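> Dropping a prediction and its sequence here:
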Amino acid sequence: MSSKPRTSLRTSRASRASRLRRKTLTTTPYKPPNQIKGIFAGSGLLLNISCMAEQLVKLSGKAKEDCIVLYLGTASYDIELKTKNQTSWYEKNCKQLIVLDVVANAPKTSYMRECIVDKADIIIVSGGNTSFAIRRWRKMGIDKLLREACFEKGVVMAGGSAGAICWFDGGHSDSLDPDSFKEAKLAGVGAKDFEDGEDDVEDDDEDDDEDAEEDEEDADWGYMRVDGLGFIPGLCCPHHDRIQSNGVLRAYDMDEMILRHPTEIGICIDHNAAFQINGNEYKVLYPKVTTDEEDIETIDPVFLVGSVSPDGTFDPNRTGIPGCWIKHIIDGNVVDRMLCPDIGEVSSILVIPESIRQSTRNLKIARSENPDTGPMRMSYMATNNTIANSTTFSPKSKRNTLSKLKEAMNLTDVQRSTSLSPTTTPGRTSLLEQIFDDDNEDDNEDEE
């Protein structure tokens, strides 16, 4: 399948991208630091294909035999089969694959730091339930370790589906789909066998999502804007060209979400495409069948389809090739969909929003319906310092919170440095959740 016509088309659209940005956006263009690197895929399985995995390792600057890969399967609840499906290539070809399970475990901070900051060259995040993963990481302090690794040490960010969304300010998510909840996943139930929640249908059963259109009754749930780590500005939409069990094409629903969040730029990634960032340079990646190498990889045809038609327009029937689309608001109430050029500068398409409107109501629902009940290791001193140094607490609030925390944990001054497991002491979990759930709510709740 030749990509020549598409490349030519995208090159001609590069100037249009810059022109539209200057005309319609008043926010600051985003130019990533040179050490920021990542590959963000529409599907969690895509990065386990040899041609895509090779590109990811290349981005790390290391030979694969010297490369250490860390895998975080939090979004898919550390399910072993999911881990295998997304990491088998790296386990076979790289120096070391570290699997850091934190859903039912509470590793010591020193061990997590060793894995994330000290050892990893690449961090791959699974697909799954984005909302759950972000909440769990924040409770464990993993979000801070990830920031240190990526911004200070240049560790490569990677993942598909939820594993793509998590690195951005936010994303178009199916975290309200009951089939993606922890209890349903661990029990092995659900209307569809989703790859990892975020949720894509298994790639080895490609027709499942198409069948959703033919179901007499579609599942009753809606997409939501979910918060990410905020390492890269933008609203990420994986599986942009796919339909899920609710019978709604994500591309169309993403248009509605952009209207509700007009300050954000949509980075819409087809199921079989990926968006690569290397400093201020970006590339659109997707599997290709080539004959210019002696060893030709056999690629399943399901990985070769996407929404880009031969003339560069959007094809909702997925009879084209994979691609990425950029969406933003023009004239106040019109969503502009632009085919992303194959290569370019990040600063030509992404911007730092002046403000972000949160989906407070849906975030509350996600937290309530799919709670994090896992253990957490945390010293009282670390908790004390976190609150004392926080800018979100007023002085009075800090004093009251620290007093209540000490009372709830029933600690003496000597015991402050002892590691705690809130699941074994009544009353601790709810209080810690109040403090660390990042519940800075916007008064203007989003009616998604």
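Alright, I've got the coordinates.
> Okay, now the unreliable bits of the stretch 301-448 of the chain?
377-448 (pLDDT under 70).
> can you pull out the strands in it?
Using DSSP state E, counting those that start in this stretch, the strands of the stretch 301-448 of the chain run over 324-330, 334-339, 343-345, 351-352, 378-379, 419-420.
> Over to the stretch 51-200 of the chain?
Listed in chain order, the strands found in the stretch 51-200 of the chain under DSSP E, counting those that start in this stretch are 68-72, 96-100, 122-125, 156-160, 168-173.
> now these as TSV including mean pLDDT, distance to residue 358 and mean neighbour count?
Where C-beta positions appear, they are placed from N, C-alpha and C, glycine not excepted. As requested, these are exported to TSV (pLDDT from 0 to 100; distance: least, C-beta to C-beta, whole Å; neighbours: other C-beta atoms under 10 Å):
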stretch	mean pLDDT	distance to residue 358	mean neighbour count
strand 68-72	99	24	25
strand 96-100	98	28	17
strand 122-125	99	22	28
strand 156-160	99	23	29
strand 168-173	98	8	28
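> Save those strands as CSV, and put in distance to residue 45 too.
Formatted as CSV, those follow (distance: least, C-beta to C-beta, whole Å):
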stretch, distance to residue 45
strand 68-72, 13
strand 96-100, 16
strand 122-125, 12
strand 156-160, 7
strand 168-173, 18
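> Quick one: closest of the strands of the stretch 301-448 of the chain to residue 86.
strand 324-330 (20.7 Å; C-beta to C-beta).
> by contact count, what packs against the closest one?
helix 4-24, helix 250-260, strand 266-269, strand 334-339 (3 or more C-beta pairs under 8 Å, 6 or more residues apart in numbering; DSSP states H and E).
> So for that strand, what gets flagged as buried?
Buried residues in strand 324-330, counted by 16 or more other C-beta atoms under 10 Å: 324-329.
> between those residues, which is closest to residue 298?
Distances from residue 298 to the buried residues of strand 324-330, taken by C-beta to C-beta, are shortest for residue 324, at 25.0 Å.
> What distance do you get for the residue nearest to the closest one when sequence neighbours are not counted to residue 349?
Using C-beta to C-beta, 6 or more residues apart in numbering and skipping the chain neighbours, the partner closest in space to residue 324 is residue 340 (4.1 Å). Counting by C-beta to C-beta, to the nearest Å, the gap from residue 340 to residue 349 is 7 Å.
> Kindly export stretch 79-91 (C-alpha atoms) in PDB.
Extracted in PDB, the C-alpha atoms of stretch 79-91 (Å, rounded to 0.1, in the frame of the first residue of the first chain):
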ATOM      1  CA  ILE A  79      -3.900  -8.300  34.400                       C
ATOM      2  CA  GLU A  80      -1.200 -10.700  33.300                       C
ATOM      3  CA  LEU A  81      -2.600 -11.500  29.900                       C
ATOM      4  CA  LYS A  82      -2.900  -7.800  29.100                       C
ATOM      5  CA  THR A  83       0.800  -7.300  30.100                       C
ATOM      6  CA  LYS A  84       1.900 -10.200  27.900                       C
ATOM      7  CA  ASN A  85      -0.100  -8.900  24.900                       C
ATOM      8  CA  GLN A  86       1.600  -5.400  25.100                       C
ATOM      9  CA  THR A  87       5.100  -6.300  26.100                       C
ATOM     10  CA  SER A  88       6.200  -9.600  24.500                       C
ATOM     11  CA  TRP A  89       8.400  -8.000  21.900                       C
ATOM     12  CA  TYR A  90      10.300  -6.000  24.500                       C
ATOM     13  CA  GLU A  91      10.700  -9.000  26.800                       C
END
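> This completes my enquiry, with thanks.
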